[in-house]
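1. Okay, structure incoming, though there's no sequence with it:
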């Protein structure tokens with residue numbers, strides 16, 4: 001079966017884990033201010049419920065800088081109240097199916113920032 005170029009591009013997906021309520025996946029097109037408001041609201045909700053989970057911001061490739069800036073902007077709202085730590089990893093990105101039936105896979109750099117209450 002022939003695939004249109006747009007169909008091939010839309011099939012690219014990052015192989016990732018199951019999303020939790022406190023996971024935020026950031027792209028280059030993400031609205032940083034909207035995410036910041038949601039994150040602060042979730043952190044305040046966790047504080048009211050006496051939970052200490054914090055939130056996790058995940059970003060890949062070109063969005064890494066956006067993820068770091070988002071985490072830093074949340075911490076900067078109340079630096080004595082919030083802290084952050086980060087880890088890096090390499091994630092697999094699945095490509096479009098090949099004619100042989102196997103998929104092309106490439107690796108991408110990723111950052112995972114944990115924002116937490118102190």
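-> Noted; the coordinates are in hand. Since the model is a prediction, treat every value here as computed from it, not as a measurement. Numbers count the residues shown, from 1 in each chain.
2. ok, residues contacting the longest helix anywhere in the chain?
-> Using DSSP state H, we find that the single longest helix of the chain is helix 32-48. By C-beta atoms under 8 Å, 6 or more residues apart in numbering, the residues outside helix 32-48 that reach it are 21-22, 24, 26, 52-55, 57, 66, 69-70, 73-74, 77, 82, 115, 117. Where you see a C-beta, it was placed from the backbone N, CA and C, and this is true even at glycine.
3. ditto for stretch 74-86
-> With C-beta under 8 Å, 6+ apart as the criterion, stretch 74-86 contacts 36, 39-40, 43, 68, 71-72, 111-118.
4. Closest one to residue 89 out of those residues, please.
-> residue 112 (6.7 Å; C-beta to C-beta).
5. isn't that closest one right up against residue 90?
-> No - the criterion here is C-beta atoms under 8 Å, and residue 112 misses it with residue 90 at 11.7 Å.
6. So between the two, which is more surrounded?
-> Neighbour count, other C-beta atoms under 10 Å: between residue 112 and residue 90, residue 112 has more, with 16 against 9.
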